[in-house]
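# I'll drop the sequence and a predicted model, then ask my questions.
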Amino acid sequence: DASSHPAGINIYSDSGVHRVSTVNGAITFNGTAGTGTARTFGGIHVDGGVANITSTRGDVEFIGIANASGYGISNAGTLNIGGDGTTNSSGNVTLTADAINAGGTYNIRNTGNVTIRSNGASFSSAFDWNSRFALLGTKAGLTLGKSTNTQNVTLTSATSVAGNISLYGGNVTLNNSLTASNSGIVRLAATNGAITQNASGIITTASLALLGGNATLTQTTNNVTTLAAQDMGSLSFVNAGNLTVATVNPTGVSANGTVNISTRSGDLTVTEAISTTNTSSSAITLIAGSTTANGTTTGGNILISGNGSVSVGTGGRATLYTGSIANSTGVSALVGSGSGNFRYSSNATVSNFDTTNASLGAGTYAVYRERPTLTISGSSSTITYGNASSYSMSSNQANGDTFDQIFGSGNGPTNSFVGAVYS
């Protein structure tokens, strides 16, 4: 009776274990909450006790539609979904509800995909992936929310999946580790806020895609192989080792705020465009080997190849902090040989150049940890007495630098003869 009992489907609590099972078929519970005020509101409600909803090879889905003040899915007991603890289902498990009460335990026992999503465009309240949700068995994928979800999604429990992981929320907060193995992709999207992590929220994945919002992912033990981001506000990302900006779907990085990408130790390879419309002096900052001291050529280089490029808004600056002149492939060409936009023996925290007369302005600059040696040589000349001499001067500037750029305008070395004068 919808007017007196609020639960669309109620799994009653008693001393036994409730079972609904099949071998090959799918199981779908589809419940709509009533209007009654007694007990607990819920489209689907587990009163308590243990309920096993299992299919050996089929999918299991709960669809719970709440009334205005209740939960689409409400659980006060132990709900085993997919498998019962003896075997795990090879199918997918989906929980669909605008609001989910995690008062009980959801043991998700399958090896397929796991999806928790809203009925409508968005959850009706914030969603916390916490210890009430247990992923038991190796999962092929995990999705929390939809691309239209505006409610916050928080990852409180350490989570590891042998496949793709997608988190969609107004804000996406990682308070525990998130690991995608088996070449899985991690996709994080903040529809109206930020993507953040605390000290425990370490990301480990072959590929990371950031899909909107302001991202601050600066924990030093992030372990990502390939990064891409689109429609970002600002982006700040730190990786422990080698990192490539390439294609993950999206391709490259696009933003309207500042972009700061760094490796603590290892190369930063850019094979696709990094762009922002930001016009500040920190519009784009790329750092390879952020923990390496200036003067040290090893520890990480920026490598530009393929479609790799950087672009900023009018008057903005892109600064590339790299290691070795010879091993920073593509950097000189990107910045522009002979442009004078090169500095040396410096890193992101130490500037061993004249910051007044050789300050960094608008445009694209490369700053090398390497300290090059400039050698200037005059040629020798053998002449017949009475004839004019022939001489030249050679030097080994890096990156097409001119003497005026190195020494300051008019301060470069010149040729002169000192000795006896004959007439």
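Ah, there it is. This is a predicted model, so every value here is computed, not measured.
# skipping adjacent residues, who's closest to Phe29 in space?
Leaving aside its sequence neighbours, Phe29 sits nearest to Phe62 (C-beta to C-beta, 6 or more residues apart in numbering; 4.9 Å). Quick note: C-beta positions are derived from backbone N, CA and C, even for glycine.
# residues in contact with Arg117?
By C-beta atoms under 8 Å, 6 or more residues apart in numbering, the contact list for Arg117 reads Thr94, Leu95, Thr96, Thr143, Leu144, Gly145, Lys146.
# how about it, phi and psi?
Here is the backbone geometry of Arg117 (degrees, to the nearest 10): phi -150, psi 170.
# need the pLDDT of it.
Listed pLDDT for Arg117 reads 97.
# distance-wise, check it relative to Ala228.
Distance of Arg117 to Ala228, computed by C-beta to C-beta, to the nearest Å: 24 Å.
# what of Gly315?
Counting by C-beta to C-beta - Gly315 and Ala228 are separated by 27 Å.
# contacts for stretch 119-129, please.
So stretch 119-129 is contacted by 63, 65-66, 72, 96-100, 102, 116, 118, 144-146, 148-157, 159, 169 (C-beta under 8 Å, 6+ apart).
# still on that earlier bit, most neighbours, which of the contacts of Arg117?
Among the contacts of Arg117, Gly145 has the most neighbours (other C-beta atoms under 10 Å), with 26 neighbours.
# that residue reaches Tyr168, doesn't it?
Yes - assessed by C-beta atoms under 8 Å, Gly145 is found in contact with Tyr168 at 3.6 Å.
# so what sits against both of those two?
Between them, Gly145 and Tyr168 share these contacting residues under C-beta under 8 Å, 6+ apart: Val153.
# would you mind measuring the gap between the ends of stretch 121-131?
26 Å (C-alpha to C-alpha, to the nearest Å).
# so where's the stretch 51-200 of the chain uncertain?
68 (pLDDT under 70).
# any figure for the gap between the spatially most central residue of the chain and Ala140?
Geometric centre of the chain, nearest residue: Leu208, 4.9 Å, by C-alpha atoms, centre = their mean. With distances taken as C-beta to C-beta, Leu208 is found 19 Å from Ala140.
# and Leu268, what does it touch?
Taking C-beta under 8 Å, 6+ apart, one finds 242-245, 261-262, 286-288, 300-303, 322 in contact with Leu268.
# which ones among those map onto strands?
Leu243, Thr244, Val245, Ile261, Ser262, Leu286, Ile287, Ala288, Ile302, Leu303, Thr322 (DSSP state E).
# distance-wise, check the last one relative to Gly400.
When C-beta to C-beta is applied, the distance between Thr322 and Gly400 equals 17 Å.
# the two: who's more crowded?
With neighbours defined as other C-beta under 10 Å, Thr322 and Gly400 compare such that Thr322 has more, 27 against 14.
# mind checking pLDDT for that one?
98.
# quick check: bridge partners of it?
Assessed by DSSP bridges, Thr322 has beta-bridge partners Tyr368.
# so what's it up against?
Leu268, Ala288, Gly289, Gly300, Asn301, Ile302, Ser328, Val331, Ala366, Val367, Tyr368, Arg369.
# which pLDDT value goes with Gly378?
Gly378 carries a pLDDT value of 65.
# assign Asn182 to helix, strand or coil.
Counting by DSSP: H, G, I helix; E, B strand; the rest coil, the backbone at Asn182 sits in strand.
# partners of Val60 in the sheet?
Beta-bridge partners recorded for Val60 (DSSP bridges): Ile27, Val93.
# mind checking how far it is from Asn107?
Val60 sits 12 Å away from Asn107 when distances are taken as C-beta to C-beta.
# this completes my enquiry, with thanks.
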